[in-house]
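**Student:** what would the 3D arrangement of this be:
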Amino acid sequence: MGKPKSKVVNAIVPGPLEQYAPWFQQWLLGPGYGPLTTVTQLQLIVHVSRWLKSAQSLAVQDIAALARVTAPASRRRLACRSEKS
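**Tutor:** Predicted coordinates for the structure are as follows:
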């Protein structure tokens, strides 16, 4: 495998998801995700956090509740068999 194409080692998460960023980063690193993959995922959280902040009518709890309701149906529709898929 070649050298990494990025030197970015962290992403600063502002807004409503800021408090969850350290946990999420450790959660990704735990099962062996690499630093570059972890940063890419954190950058997605940055976008979602900014979107939540700009929406102002949505809270983190609203998104969590929506995910609990829609995720099982989405997984069935996609025929996902594993929790990690």
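**Student:** please make it C-alpha for all contacts and neighbour counts, starting now.
**Tutor:** Will do.
**Student:** now do the SS call for the spatially closest residue to Ala21 that is not a sequence neighbour.
**Tutor:** Nearest residue to Ala21, sequence neighbours excluded (CA to CA, 6 or more residues apart in numbering): Val13, at 6.5 Å. Following DSSP: H, G, I helix; E, B strand; the rest coil, Val13 is assigned to coil.
**Student:** which ones are touching Val13?
**Tutor:** By CA atoms under 8 Å, 6 or more residues apart in numbering, the contact set of Val13 is Ala21, Leu42, Gln43, Ile45, Val46, Ser49.
**Student:** of all the residues you listed, which comes closest to Leu58?
**Tutor:** Ser49 (10.7 Å; CA to CA).
**Student:** where does the residue nearest to Ala21 fall, phi/psi-wise?
**Tutor:** Here is the backbone geometry of Val13 (degrees, to the nearest 10): phi -100, psi 110.
**Student:** Val48 too?
**Tutor:** phi -60, psi -40.
**Student:** hmm, back to that, and the contacts of Val13 as a markdown table, adding pLDDT?
**Tutor:** Shown next, in a markdown table, are those (pLDDT from 0 to 100):
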| residue | pLDDT |
| --- | --- |
| Ala21 | 91 |
| Leu42 | 92 |
| Gln43 | 91 |
| Ile45 | 90 |
| Val46 | 91 |
| Ser49 | 87 |
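**Student:** separate out the buried members of these.
**Tutor:** Ala21, Leu42, Gln43, Ile45, Val46, Ser49 (16 or more other CA atoms under 10 Å).
**Student:** which of these lies closest to Gln61?
**Tutor:** Nearest member of the buried ones among the contacts of Val13 to Gln61, counting by CA to CA, is Ser49, at 12.6 Å.
**Student:** does that closest one touch Leu17 like I think?
**Tutor:** Yes. Using CA atoms under 8 Å, Ser49 is in contact with Leu17, at 5.3 Å.
**Student:** thinking again about what came up before, distance of the residue nearest to Ala21 relative to Pro22?
**Tutor:** 9 Å (CA to CA, to the nearest Å).
**Student:** need the three-state assignment for Leu58.
**Tutor:** Secondary structure of Leu58, per three-state DSSP, is coil.
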